[in-house]
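S.K.: Sequence first, then the predicted structure, then my questions.
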Amino acid sequence: MPSIAYFGPQGTFSEQAALAAGRPDHTLVPEATVPEALDAVRHGRADLACVPVENSVEGAVSATMDALAVDEPLVAVAEVVLPVRFSLLARPGTTLAGIRSVASHPHALAQVQGWLAKHVSQAAQLAATSTAAAAVGVLDGNCDAAITAPVAAEHYALAVLETGIADVDDAVTRFLVLQRPGELPTPTGSDRTSIVAVAAYQRTGVLAEMLTELALRGINLSRIESRPMKGRLGEYRFYLDFDGHVAEQRVADALAALHRRCHEVRFLGSYPKADGTPTLAGTDNADADYAAATDWVTTVREGRTG
Ligand SMILES: O=C(O)C(=O)C[C@]1(C(=O)O)C=C[C@@H](O)C=C1
């Protein structure tokens, strides 16, 4: 039976995202960390991995960004965007006033700072590997309460002290569903392409050059992040998300240009956008425009026209 590894244990937002990915034939396999979920796919223990990539409040999930840039390449085949509101779970009988420590994933804690300051300001905040791992920590007696996904209450014998917690009402997290490189998803007209590019650092204006390759082809950039290369200061990987599918000529053309300009380009997938909004493309950049232009150059080369 095919399987999806997700950032677990049971009861995380990542599990919810894996369930929402629309693969009812896949069994769900919890992994303790994002790199382990990705490695499960790299090493053939799972067919797909579902991991968080960015949150509208806290930004990039660096564990995911870093793990996607190294080791065997994986490519995204889908994205899932979930609204993020949290529950506060504790052992039965615990009161808000009695909570001395509250644990969660750092991303989750960052999204509820206002609520914690107002309601449990006395509690020390502890980092857990995930929201559900924090719930396990409460059961194990390592902390008094956990900030979790609401669904965690169905998996762990803990009391729900509060639910619907969010400093930002409309907060969302975006997850990627990834597989080993293989057949690409069919273009839908509402697609996103993700890449990681390592620029030639010593060249002045190199980032502007890279972005110009997209802009000239009418490609809409939807996200740019940088992460350090780790070994030295001043060297970065750039993560670019942009509208369009590599099957479209303007995107293929831009990728080829980036490949020429950069030390390294890693393709992270072309996949349907979760919100279904149509691909934004400037004028004169349709496949037919590229085909007509290529035909014309051919006639010039063959001496058939001026
Ligand atoms: O711990 C979880 O439940 C996760 O799926 C991780 C994660 C994250 O990394 O941002 C996902 C969504 C929420 O924003 C908080 C935590």
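M.R.: Arrived safely, thanks for sending. Model, not experiment: these values are computed from the prediction. Numbers count the residues shown, from 1 in each chain.
S.K.: Spit out the contact partners of R261.
M.R.: By CB atoms under 8 Å, 6 or more residues apart in numbering, the contact list for R261 reads 199-200, 206, 209-210, 213. The C-beta positions use only the backbone N, C-alpha and C, and glycine is treated the same way.
S.K.: With pLDDT and neighbour count added, can I get those in JSON lines?
M.R.: Below are the contacts of R261 laid out as JSON lines (pLDDT from 0 to 100; neighbours: other CB atoms under 10 Å):
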{"residue": "A199", "pLDDT": "84", "neighbour count": "21"}
{"residue": "A200", "pLDDT": "77", "neighbour count": "12"}
{"residue": "V206", "pLDDT": "89", "neighbour count": "16"}
{"residue": "E209", "pLDDT": "93", "neighbour count": "16"}
{"residue": "M210", "pLDDT": "95", "neighbour count": "21"}
{"residue": "E213", "pLDDT": "97", "neighbour count": "18"}
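S.K.: out of the residues you listed, what pair is the most spread apart?
M.R.: Spatial extent of those (CB to CB) is set by the pair A200 and E213 at 13.6 Å.
S.K.: can you tell me which helix or strand the residue nearest to A128 when sequence neighbours are not counted belongs to?
M.R.: Counting by CB to CB, 6 or more residues apart in numbering, A128 lies nearest to A134, which is 3.7 Å off, once chain neighbours are set aside. According to DSSP states H and E, A134 maps onto helix 131-139.
S.K.: Which elements pack onto that helix?
M.R.: strand 86-90, strand 101-104, strand 145-148 (3 or more CB pairs under 8 Å, 6 or more residues apart in numbering; DSSP states H and E).
S.K.: quick one: is it near the ligand?
M.R.: Yes - using CB under 6 Å from any ligand atom, helix 131-139 reaches the ligand at 131-132.
S.K.: Send me the longest helix along the chain as CSV with only the CA atoms.
M.R.: Secondary structure of the chain read by DSSP state H shows that its longest helix is helix 287-301. Taking Å, rounded to 0.1, in the frame of the first residue of the first chain, the C-alpha atoms of helix 287-301 are listed here in CSV:
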residue,chain,number,x,y,z
ASP,A,287,4.0,29.0,-25.5
ALA,A,288,2.6,30.1,-28.9
ASP,A,289,4.7,33.3,-28.8
TYR,A,290,7.9,31.3,-28.0
ALA,A,291,7.1,28.8,-30.8
ALA,A,292,6.6,31.6,-33.3
ALA,A,293,9.8,33.3,-32.2
THR,A,294,11.8,30.1,-32.4
ASP,A,295,10.4,29.4,-35.9
TRP,A,296,11.4,32.9,-37.0
VAL,A,297,15.0,32.4,-35.7
THR,A,298,15.1,29.1,-37.6
THR,A,299,14.2,30.8,-40.9
VAL,A,300,16.9,33.4,-40.2
ARG,A,301,19.6,30.7,-39.6
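S.K.: Run through the residues that contact the most centrally placed residue in the chain.
M.R.: In the chain, the C-alpha nearest the mean C-alpha coordinate belongs to V53, at 2.1 Å (CA atoms, centre = their mean). Contact analysis of V53 by CB under 8 Å, 6+ apart lists 60-61, 64-65, 79, 174-176.
S.K.: of all the residues in the protein, which ones are close to the ligand?
M.R.: Within the chain, the positions adjacent to the ligand are 7, 12-14, 52, 55, 61, 84, 105, 107-108, 130-132, 149, 173 by CB under 6 Å from any ligand atom.
S.K.: for the chain, which spans come out with low pLDDT?
M.R.: Within the chain, the stretches with pLDDT under 70 are 306.
S.K.: cutoff 90 now
M.R.: By pLDDT under 90, the weakly predicted segments of the chain are 1, 24, 199-204, 206, 229-235, 279-284, 304-306.
S.K.: hey, where'd the helices end up in it?
M.R.: 13-20, 34-42, 62-69, 106-110, 113-119, 131-139, 206-216, 249-261, 287-301.
S.K.: Out of those, flag the one nearest I99.
M.R.: Closest among the helices of the chain, using CB to CB: helix 113-119, at 9.0 Å.
S.K.: neighbouring contacts of that closest one?
M.R.: Contact with helix 113-119 is made by 96, 102, 109, 123, 125, 147, 162, 165-167, as judged by CB under 8 Å, 6+ apart.
S.K.: are any of these buried, and which?
M.R.: Among the contacts of helix 113-119, the ones that count as buried by 16 or more other CB atoms under 10 Å are 102, 109, 123, 125, 147, 162, 165-167.
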